[in-house]
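> how would this look folded up:
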Amino acid sequence: MTDDIESLRRILATNRVIAVVGLSADWFRPSYFAAKYMQEHGYRVIPVNPRYEEILGERCYASLLDIPEPVAIVDVFRRTGDVLPIAQQAVQIGARVLWQQLGVLNLEADALARAAGLDTVMDRCVKIEHARLFGGLNWAGVNTRVISARRPRWLAY
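Below you'll find the model as predicted:
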């Protein structure tokens, strides 16, 4: 499992296409909020949910296997017990990262993905980590636990 700051920063800086499995079309759901945030920060978000045709202006797919383009990060908003087949599909499509959201900790899926060479993240929110590592949370007074005298690379000054 990858959870050190430099690895999370590398994952989010180098992987720009995210398939969000379990993305809801309801604006008040955490999956929608996180996907919208990532989309607004330059990421390509591909919804994966068989219940919908379109979410956030993007075509929605029934499974990872139906996506006709390369996917870098598979972001899972499903129950822990549902993650193993998603991890198998992530390996099958050649994804680079299996990301299990807050409260999702499937160790078997994590081991399978790592054995196939994927980076894995568990029990973390992609939106929160992006805001923590690339700016945003600290302006609201949230302790990001990132202490550095270096200016972030993304700042204009």
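> okay, strands next: where are they in the protein?
In the chain, the strands defined using DSSP state E lie at 17-21, 44-48, 54-55, 58-59, 73-76, 97-100, 119-121.
> JSON lines please, covering those strands and showing mean neighbour count.
Just so you know, the C-beta spots here come from the backbone N, C-alpha and C atoms, and that holds for glycine as well. Putting these into JSON lines (neighbours: other CB atoms under 10 Å) gives the following:
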{"stretch": "strand 17-21", "mean neighbour count": "25"}
{"stretch": "strand 44-48", "mean neighbour count": "23"}
{"stretch": "strand 54-55", "mean neighbour count": "16"}
{"stretch": "strand 58-59", "mean neighbour count": "14"}
{"stretch": "strand 73-76", "mean neighbour count": "28"}
{"stretch": "strand 97-100", "mean neighbour count": "27"}
{"stretch": "strand 119-121", "mean neighbour count": "23"}
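> which one of these lies nearest to residue 110?
strand 119-121 (4.9 Å; CB to CB).
> pairing partners for that closest one, with directions?
strand 97-100 (parallel) (DSSP bridges).
> and the partner strand, what's its mean pLDDT?
When pLDDT is averaged along strand 97-100, the result is 98.
> touching it from outside, list them.
The contact list for strand 97-100 (CB atoms under 8 Å, 6 or more residues apart in numbering) reads 11, 15, 72-76, 80, 83, 86-87, 90, 106, 109-110, 113, 118-124, 126.
> for residue 76, give me its contacts.
Counted by CB under 8 Å, 6+ apart, residue 76 has contacts 21, 22, 83, 86, 98, 99, 100, 101, 104.
> let me fix that: residue 118
90, 91, 95, 96, 97, 98.
> what's the closest of the residues you listed to residue 62?
Nearest to residue 62 among those, with distances taken as CB to CB, is residue 90, at 15.3 Å.
> this structure: helices as residue ranges?
5-14, 30-40, 83-93, 107-115, 126-134 (DSSP state H).
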